[in-house]
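K.L.:
can you look at this prediction? I've put the sequence above it.
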Amino acid sequence: MLSKYHWWRDAVIYQVYVRSFLDSTGDGIGDLAGVRAGLPYLKKLGVDGIWLSPFYPSPQHDHGYDVADYCGVDPLFGDLAEFDLLMAAARRLGIRVLLDIVPNHCSSEHPWFRAALAAEPGSPARARFHFADGRGPDGSEPPNNWHAMFGGPAWTRADDGQWYLHMFTPEQPDWNWRDPEVAAEFDRVLRFWLDRGVDGFRIDVAAGLYKHPELPDSDDPEADARTRDSVNPLAWNQPEVHDVWRWWRAVCEEYTVRDGRERLLVGEVSVPTAREHALYVRPDELHQAFFFDLLGAPWEADAFRKVISEAMEDIAGTGSTVTWVLNNHDQVRTVTRYGEPATEGSGLGPARARAAALLMLALPGAAYIYQGEELGLPEVVDLPDDVLTDPIFRRTGSRARIRDGCRVPLPWSGQASPFGFTSGAESAKPWLPQPEYFAEYATDRALADTRSFWHLYRDGLQLRASLPQLGEGTLRWLDTPPGVLAFTRGDGLVCAVNFGTAPTPAPVSGTPLLSSGPCPPGVLPAATAGWWLADTGL
Ligand code: GLC
């Protein structure tokens, strides 16, 4: 399995949010040894690889996306020896391992940033970041009007009066990629982990890194914070960033030439159109970039069809494959997202989330699953204010309760919190409280119940691995009534989804392979998806 070339083109990768996966030490925080213990579970599920959220030394202002040392392991999560054990165990099971690398910014505790604060204005140490004098007679106004993604100004004043740029929190200063030392340092970091055997990297904020060289004022400075997306055209998506991805791709190729194992770079690329997105996955740049438009689409047939068609046309046209994603650690989980408005009836969110999963797994290309998605976990919407840790909450004056609800530690077994998440005493407390209803979603129950989300994902992954029609390739839409989508994949495989609220005739006659809910013969019920092998050519 590990020798399959271009394995990444249709790989299914499971995102492990390390602090919420499995805790081996009893401190209520998941860790690398916990991930190692969970690998057989993931093998059984049938994923090709895992992406580990950041576990590097960090003051954890943004749960590790504020990196103080790119080549270490935070004691919260283990140490390098434990990392090596995890790599070896994953290799034995044929599970590839991707790390999360954060090149747009570091932690304000990073030694280079501390050195920059201690250095003079205009010094080489400051040139690695964006330091600038303020405006106004005494320089007390920030150098430009940009706002940070998580709210508030994008500049913070240092003790000596200069300002530094941070597109996220003040504890996450942005690197200046126009300084060659920064690029060289990341080359060293990549090689450090590649030498330890990793299969690639998920790249945080991959449309970031470079800013407009003059850092001019923006016409709409609050657009990023308002949309929670990287839309400020002066701060993101600058043409120079593509040179970095060419460089990193060349580093990966160098390792492949050496040992024949293909490495993967997958970017978190948030740009306005599928066409711009496609530029990031040109043959000498990133292998993959998450296609977030599917995640952002409302539960409507037309909206899904539009984003899927655009992706197939613009991205698959580059020679890359589309990288589909429905959930991650920054977004409200599908079960809850598709369940709104709640008045439409309970059970709708889970049914739609199951249907969306089958749709995603039938699409041509690669797919990413976020931990807990395979259990059908809902978003935890009623966490009390005093346990919330997402910096967005704090930086929006407690208005935006956005990202904690999808990060609650996984339930593994039992009837009460910690549901087997921590190996500590019964009284051990997970870092975010788990609601009582998590008992219904625990992995032991999910594995024992063939109607569970887990079995749907497992069956879908097994079919994907065994049917040549699935994975890479193309799709062709079939004619369907409003509110229904159906497409063929290769030789007679049909996937159909009923987005509506009433049953519809199944758009194909053939052998049913898998459905997201009960499907009487010839019928596709509301909020249901199915896969068939068609009787006749389509
Ligand atoms: C990415 C991560 C998010 C993090 C941000 C800043 O969007 O997915 O969790 O807060 O980058 O690093």
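P.N.:
Arrived safely, thanks for sending.
K.L.:
residue of the stretch 1-150 of the chain nearest the ligand, please.
P.N.:
Among all residues of the stretch 1-150 of the chain, residue 65 sits closest to the ligand, at 3.3 Å; criterion: CB to the nearest ligand atom. For glycine as for every other residue, the C-beta is placed from the backbone atoms N, C-alpha and C.
K.L.:
thought that residue was touching residue 204?
P.N.:
Yes: the criterion here is CB atoms under 8 Å, and residue 65 meets it with residue 204 at 6.3 Å.
K.L.:
quick one: which of these two has more around it?
P.N.:
residue 65 (24 against 18; other CB atoms under 10 Å).
K.L.:
about what we covered before: what sits against the residue of the stretch 1-150 of the chain closest to the ligand?
P.N.:
Counting by CB atoms under 8 Å, 6 or more residues apart in numbering, residue 65 touches 54, 58, 102, 168, 172, 204.
K.L.:
what number of residues lie near the residue lying closest to residue 101 once chain neighbours are set aside?
P.N.:
Using CB to CB, 6 or more residues apart in numbering and skipping the chain neighbours, the partner closest in space to residue 101 is residue 201 (4.5 Å). Residue 201 sits with 26 neighbouring residues when counted by other CB under 10 Å.
K.L.:
over to residue 408?
P.N.:
Residues near residue 408, counting by other CB under 10 Å: 26.
K.L.:
okay, and it sits in which element?
P.N.:
Counting by DSSP states H and E, no helix or strand carries residue 408.
K.L.:
that one contacts residue 380, doesn't it?
P.N.:
Yes: contact criterion CB under 8 Å: residue 408 and residue 380 qualify, at 4.6 Å.
K.L.:
overlap of the contact sets of these two?
P.N.:
Shared contacts of residue 408 and residue 380, counting by CB under 8 Å, 6+ apart, come down to 432, 434, 435.
K.L.:
returning to what we had before: does the ligand have contacts with the helix or strand harbouring the residue nearest to residue 101?
P.N.:
In the assignment (DSSP H and E), residue 201 maps to strand 200-203. No: between strand 200-203 and the ligand, judged by CB under 6 Å from any ligand atom, nothing touches; the nearest distance is 8.8 Å.
K.L.:
next one: that strand to chain centre, how far?
P.N.:
Averaging C-alpha positions (CA atoms, centre = their mean, to the nearest Å) puts strand 200-203 11 Å from its chain's average.
K.L.:
in the helix or strand that comes right after it, what counts as buried?
P.N.:
The C-terminal neighbour of strand 200-203 among helices and strands, as given by DSSP H and E, is helix 223-227. Across helix 223-227, burial judged by 16 or more other CB atoms under 10 Å covers 223, 224, 225.
K.L.:
list the contacts for the first one?
P.N.:
Taking CB under 8 Å, 6+ apart as the criterion, residue 223 is in contact with 231, 232.
K.L.:
ok so, going back, got the contact list for the strand holding residue 201?
P.N.:
8, 51, 96, 98-101, 103, 190, 193, 248, 252, 263-268, 286-287.
K.L.:
near the ligand, list only the ones from those residues.
P.N.:
residue 268.
K.L.:
inside helices: which ones of the contacts of strand 200-203?
P.N.:
Under the assignment DSSP state H, the contacts of strand 200-203 contribute 190, 193, 248, 252 to helices.
K.L.:
list just the nearest of the residues you listed to residue 519.
P.N.:
residue 252 (43.0 Å; CB to CB).
K.L.:
residues in the stretch 201-350 of the chain within reach of the ligand, list them.
P.N.:
Residues of the stretch 201-350 of the chain lying near the ligand (CB under 6 Å from any ligand atom): 204, 205, 268, 329, 330.
K.L.:
turn the residues you listed into a markdown table, columns for pLDDT.
P.N.:
As requested, these are exported to a markdown table (pLDDT from 0 to 100):
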| residue | pLDDT |
| --- | --- |
| 204 | 98 |
| 205 | 98 |
| 268 | 98 |
| 329 | 97 |
| 330 | 95 |
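K.L.:
nearest to residue 316, of those residues?
P.N.:
Closest to residue 316, out of all of those and judged by CB to CB, is residue 268, at 19.8 Å.
K.L.:
quick one: pLDDT of residue 537?
P.N.:
pLDDT recorded at residue 537 is 65.
K.L.:
ok, now residue 236?
P.N.:
97.
K.L.:
quick one: residue 256 and residue 265 touch, right?
P.N.:
No: at 11.9 Å, residue 256 does not count as touching residue 265 under the criterion of CB under 8 Å.
K.L.:
neighbour count for those two, which is higher?
P.N.:
residue 265 (25 against 12).
K.L.:
quick check, pLDDT for that one.
P.N.:
So, for residue 265, pLDDT stands at 98.
K.L.:
tell me how far it lies from residue 66.
P.N.:
As judged by CB to CB, to the nearest Å, residue 265 and residue 66 stand 22 Å apart.
K.L.:
who's in contact with residue 442?
P.N.:
375, 411, 412, 413, 414, 419, 420.
K.L.:
which of those ranks first by neighbour count?
P.N.:
Busiest of the contacts of residue 442 [other CB under 10 Å] is residue 411, holding 29 neighbours.
K.L.:
and it, how close does it get to the ligand?
P.N.:
Plainly put, residue 411 is 22 Å away from the ligand if you go by CB to the nearest ligand atom, to the nearest Å.
K.L.:
next one: the nearest residue to that residue once chain neighbours are set aside from the ligand, what distance?
P.N.:
Among residues not flanking residue 411 along the chain, residue 419 sits closest, at 3.5 Å (CB to CB, 6+ apart). Using CB to the nearest ligand atom, one gets 24 Å for the distance from residue 419 to the ligand.
K.L.:
can you tell me the helix or strand for residue 419?
P.N.:
With DSSP H and E as the test, residue 419 turns up in no helix or strand.
K.L.:
name the SS class of residue 313, please.
P.N.:
helix (DSSP: H, G, I helix; E, B strand; the rest coil).
K.L.:
swap that for residue 494, sorry
P.N.:
Residue 494 - assigned by three-state DSSP - is strand.
K.L.:
sorry, back to before: which ones among the contacts of residue 442 map onto strands?
P.N.:
Among the contacts of residue 442, none falls in strands (DSSP state E).
K.L.:
quick one, what contacts residue 39?
P.N.:
86, 89, 90, 93, 95.
K.L.:
and what of residue 213?
P.N.:
Contacts of residue 213 by CB under 8 Å, 6+ apart are residue 178.
K.L.:
distance check, it against residue 240.
P.N.:
In terms of CB to CB, residue 213 sits 9 Å off from residue 240.
K.L.:
anything in contact with each of those two?
P.N.:
residue 178.
K.L.:
how about the closest residue to residue 112 other than its chain neighbours, what does it touch?
P.N.:
Computed as CB to CB, 6+ apart, the closest residue to residue 112 that is not its neighbour in sequence is residue 128, at 5.6 Å. Neighbour list for residue 128: 112, 116, 175, 176, 179, 181, 182 [criterion: CB under 8 Å, 6+ apart].
K.L.:
can you check residue 76 too?
P.N.:
19, 27, 29, 31, 60.
K.L.:
can you tell me the SS state at the residue of the chain most remote from its centre?
P.N.:
Most distant residue from the mean C-alpha position of the chain: residue 137, 44.1 Å away (CA atoms, centre = their mean). Using three-state DSSP, the structure places residue 137 in coil.
K.L.:
right, I'll call it a day here.
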